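Chemist: quick one, fold the following:
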Amino acid sequence: MTDAAPDPVDPVDEAGADAAGADADRVADSGADVPVLREPRDGIPAALTEAAQLAEFVTALRAATGPVAVDAERASGYRYSQRAYLVQLRRAGAGTALVDPIALPDLGELGAALDGVEWVLHAANQDLPCLAEVGMAPSALFDTELAGRLLGVERVALGTMVEQHLGVRLEKGHSAADWSTRPLPQDWLAYAALDVELLVELRDLLADELERAGKLDWARQEFEAVRVAPPNPPRADPWRRTSGIHALRNRRQIAIVKSLWTARDAYAAEQDIAPGRVLPDAAIIDAAKSNPARPRDLAGLPVFGGPRQRRRLDRWFGAVRTAQELPESELPPITAGNGDGMPAPSRWRERDPAAAARLAAAREAVAALAEQHAVLAQNLVASDVVRRICWEPPAPATEEAVRDRLAELGARPWQVELTAGPLAAALTPHA
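Modeler: Numbers count the residues shown, from 1 in each chain. This is a model prediction of the structure:
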């Protein structure tokens, strides 16, 4: 979404007949023999915005039983920050609540009420950081998406998994909405509530499948790893992810991209707008290719000539000029290493043919193991772990040494147990 708009916007600028009828409105046939759940079974809850409302729900949560389904909505693609703009919870005995963390920014009391309770999330690594920001962190976790992956499910979107396992289709459509919008539309609230409506039911089915497959302990290890994972470190040279940068062929152009990206990022952070809505990547690449000599030359390029961008033209041209004035010795390289001496796998054959052979053999071994155990290869062992152990293998590459190296690289015990032997066998002929 970041590059879709050529002229970005500014931030300012359930018995009786009645119940049966309600159910008919709530669940409709999809036309493909799969009923569609259009709104929660208890109706669409209003967003909680008052401290008294939150306190009442906290009391209900403490008296409730079983796991709690949790989800959060952000405004990715609209806002710079990754903060939560809505927190959804559902627990047997308490029902569903939609909590507005803008009106109620400290949810520590809510988090405390769930101490010792298993949280059920889908793709938990996406939501745990923004939940932690408002004072919520799980003491136990079940991740339905990760459970699906360990069961070998390739399509692990929540809607797909609910349909496959529970035989109902969730009414979807607002995943990419601007959740910073206030007031939140009623259909958005319905969508948000549906995200936690069937999550515990899905968790129970997946837990049974994991146990039958002998993978429940694997899952527990993976869930705990996600729960205690530290925040991701900042990316090195994040500006190098600018879409289209691969088409640039000289260091001065790369410097312009870096300078414009940095100026855009600073403005986006200041205004809390997604960077791509401030200035599309495509415009940055155009400026780098053009290397404009004057502000009017920059204004002559697509996007930069629009009325909103004209108001920021001095900012953008100033960034271009900064890059133009850099001495040759300070220009960034066209491509950058990863900081540890390990090149991209595409370059291994020319840089180190033996390492390339090790990687091919290791990938083949992992693929065979993944098929044997019906688990996705990337969940059997992370691709980066495989690359690192192939680029710098232990010497000698005994199974014990490989075990130690896998553990150092963050592989969980179940992963080490399954992969150490096959990986050692793959590495040895090419050491």
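Chemist: for the chain, give the strand that spans the most residues.
Modeler: Assignment by DSSP state E gives strand 65-73 as the longest strand of the chain.
Chemist: what pairs with that strand, parallel or antiparallel?
Modeler: Sheet partners assigned to strand 65-73 using DSSP bridges are listed as strand 86-92 (antiparallel), strand 118-121 (parallel).
Chemist: just these: most buried one?
Modeler: With neighbours taken as mean count of other Cβ atoms under 10 Å, the strands paired with strand 65-73 reach their highest mean count in strand 118-121, at a mean of 26. For the C-beta atoms, the positions are set from N, CA and C on the backbone; glycine is no exception.
Chemist: check which element follows that strand along the chain.
Modeler: helix 124-133 (DSSP states H and E).
Chemist: parallel or antiparallel, which strands does the helix or strand just after that next one pair with?
Modeler: Downstream of helix 124-133, the next assigned helix or strand under DSSP H and E is strand 140-143. Applying DSSP bridges, strand 140-143 is found paired with strand 118-121 (parallel).
Chemist: quick check: pLDDT value at the most centrally placed residue in the chain.
Modeler: In the chain, the residue lying closest to the centroid (Cα atoms, centre = their mean) is residue 126, at 4.4 Å. pLDDT, residue 126: 96.
Chemist: would you mind measuring from it to residue 51?
Modeler: To residue 51, residue 126 is 28 Å away according to Cβ to Cβ, to the nearest Å.
Chemist: from residue 142, how far off is the nearest residue to residue 210 once chain neighbours are set aside?
Modeler: Of all residues not flanking residue 210 in the chain, residue 216 sits nearest, at 4.4 Å (Cβ to Cβ, 6 or more residues apart in numbering). Separation of residue 216 from residue 142 (Cβ to Cβ) stands at 11 Å.
Chemist: ok, now residue 150?
Modeler: In terms of Cβ to Cβ, residue 150 sits 12 Å off from residue 142.
Chemist: between those two, what contacts are shared?
Modeler: Listed contacts common to residue 150 and residue 142 are residue 219; contacts here mean Cβ atoms under 8 Å, 6 or more residues apart in numbering.
Chemist: and the next helix or strand past the strand or helix carrying residue 402?
Modeler: Assessed by DSSP H and E, residue 402 sits inside helix 399-408. Next along the chain after helix 399-408, taking DSSP H and E as the criterion, comes helix 413-427.
Chemist: quick one: that following helix to helix 399-408, angle?
Modeler: Going by axes from the mean of the first three to the mean of the last three Cα atoms, to 10 degrees, helix 413-427 is angled at 130 degrees with respect to helix 399-408.
Chemist: in helix 413-427, what's buried?
Modeler: Using 16 or more other Cβ atoms under 10 Å as the test for burial, helix 413-427 gives 414-416, 418-420, 422-424, 426-427.
Chemist: strands along this protein, start to end?
Modeler: Using DSSP E, the strands of the chain run over residues 27-29, 35-37, 47-48, 65-73, 86-92, 95-99, 118-121, 140-143, 169-170.
Chemist: gap between the second one and the chain center?
Modeler: Its chain's C-alpha centre lies 27 Å from the corresponding centre of strand 35-37 when counted by Cα atoms, centre = their mean, to the nearest Å.
Chemist: need the distance between the two termini of stretch 107-119.
Modeler: One end of stretch 107-119 to the other measures 15 Å (Cα to Cα, to the nearest Å).
Chemist: again, but for stretch 55-72
Modeler: Terminal residues of stretch 55-72 are spaced 19 Å apart (Cα to Cα).
Chemist: follow-up on the earlier one: show me what the helix holding residue 402 is packed against.
Modeler: On a contact count with 3 or more Cβ pairs under 8 Å, 6 or more residues apart in numbering; DSSP states H and E, helix 399-408 meets helix 383-391, helix 413-427.
Chemist: for it, buried residues please.
Modeler: Using 16+ other Cβ under 10 Å as the test for burial, helix 399-408 gives 401-403, 405-406.
Chemist: ok, now stretch 77-86?
Modeler: 78-81, 83-86.
Chemist: identify the farthest-apart pair in those residues.
Modeler: Maximum pairwise distance in the buried residues of stretch 77-86, criterion Cβ to Cβ, is 17.9 Å, between 80 and 86.
Chemist: what about residue 200, how many neighbours?
Modeler: When counting by other Cβ atoms under 10 Å, one arrives at 19 neighbours for residue 200.
Chemist: same deal with residue 33?
Modeler: Residue 33, neighbours per other Cβ under 10 Å, totals 7.
Chemist: next one: residue 177
Modeler: Look at residue 177: counted by other Cβ under 10 Å, it has 19 neighbours.
Chemist: isn't it up against residue 188?
Modeler: Yes - contact criterion Cβ atoms under 8 Å: residue 177 and residue 188 qualify, at 5.9 Å.
Chemist: between the buried residues of helix 413-427, which is closest to residue 265?
Modeler: The closest of those, once distances to residue 265 are taken by Cβ to Cβ, is residue 415, at 36.1 Å.
Chemist: spatially nearest residue to that closest one, not counting backbone neighbours?
Modeler: residue 381 (5.2 Å).
Chemist: my read: that neighbour touches residue 407, true?
Modeler: No - using Cβ under 8 Å, residue 381 is not in contact with residue 407, being 11.8 Å away.
Chemist: residues that sit against both of those two, list them.
Modeler: Common contact partners of residue 381 and residue 407 (Cβ under 8 Å, 6+ apart): none.
Chemist: could you export the helices and strands packed on helix 399-408 as CSV, including distance to residue 274 and mean pLDDT?
Modeler: CSV is the format used below for the helices and strands packed on helix 399-408 (distance: least, Cβ to Cβ, whole Å; pLDDT from 0 to 100):
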stretch, distance to residue 274, mean pLDDT
helix 383-391, 27, 96
helix 413-427, 36, 97
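Chemist: same list (the ones you listed) but as a markdown table, adding distance to residue 260.
Modeler: Listed next are these as a markdown table, based on distance: least, Cβ to Cβ, whole Å:
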| stretch | distance to residue 260 |
| --- | --- |
| helix 383-391 | 30 |
| helix 413-427 | 42 |
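Chemist: can you list the buried residues in stretch 194-209?
Modeler: 194-200, 202-203, 205-207, 209.
Chemist: how about stretch 156-166?
Modeler: Buried, per 16+ other Cβ under 10 Å, within stretch 156-166: 156, 158-159, 161-163, 165.
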